[in-house]
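Enquirer: quick one: sequence and predicted model below, then my questions.
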Amino acid sequence: MITEEEFELLHKLEKYLDLAEDCIEWPKKGKNLVIPCFSDDNREAFEITVNRGKIEIRKISCQQLYTQDKSILFRIDNIGPRHQNPDGKYIDCPHIHIYKEGYGVRWAYPLEKVIKTDNDNPIELFKEFLKYINVVELPHIEYQLELTNL
């Protein structure tokens, strides 16, 4: 388990996606995408994942995992049920889970208070997520025609 101080340091690091090209293919409905990611000094490794909904084409869950101890640092759920925090309060979607020492990502916060984005466009939401976690070079994203009606 990482401490709050370690979490803050990991969040502030500039990160780079480990891609053969500067392009990724957006996952099809019900599929996921895993992108290796590393810090600017190559000392820390992460995974960025995107999981697509099977029915609702705009539904995604994207997260950043710290690979050293498998801690999830951030997760965004844009469409789905509300989340109950450890204090009993409910947070509606879209929301973001942020790592908290002793709780992991069991706390969620309203997404609009952390990341300003168009929740109806999952690709733009993912790009804003990448910016928030300090990914320096954003990839070009190829996507299926099903998303062009957003």
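Expert: Sure thing, it's come through.

Enquirer: residue ranges with poor pLDDT in the protein?
Expert: By pLDDT under 70, the low-scoring segments of the chain are 145-150.

Enquirer: could you redo the last one with a cut-off of 80?
Expert: Along the chain, segments meeting pLDDT under 80 span 118-119, 144-150.

Enquirer: and the strands in the protein?
Expert: In the chain, the segments counted as strands under DSSP state E are 15-17, 23-25, 32-39, 45-52, 60-66, 71-77, 83-84, 90-91, 95-98, 108-110, 140-142.

Enquirer: I figured residue 28 hits residue 142, correct?
Expert: No - the pair residue 28 / residue 142 is not scored as a contact, 11.6 Å apart, by Cβ atoms under 8 Å. Using the backbone N, CA and C atoms, a C-beta is placed for each residue, glycine as well.

Enquirer: contacting residues for residue 1?
Expert: By Cβ atoms under 8 Å, 6 or more residues apart in numbering, the residues touching residue 1 are 69, 71, 101-102.

Enquirer: which of those fall in helices?
Expert: Among the contacts of residue 1, no member falls in helices (criterion: DSSP state H).

Enquirer: quick one: residue 26 from residue 106, how far?
Expert: Going from residue 26 to residue 106 by Cβ to Cβ, to the nearest Å gives 29 Å.

Enquirer: and for residue 65?
Expert: Distance, residue 65 to residue 106, by Cβ to Cβ: 16 Å.

Enquirer: between these two, who's got more neighbours?
Expert: residue 65 (19 against 13; other Cβ atoms under 10 Å).

Enquirer: could you find the closest non-adjacent residue to that one?
Expert: residue 47 (4.4 Å; Cβ to Cβ, 6 or more residues apart in numbering).

Enquirer: just checking, the one you found touches residue 38?
Expert: No - between residue 47 and residue 38 there is no contact under Cβ under 8 Å: 10.2 Å.
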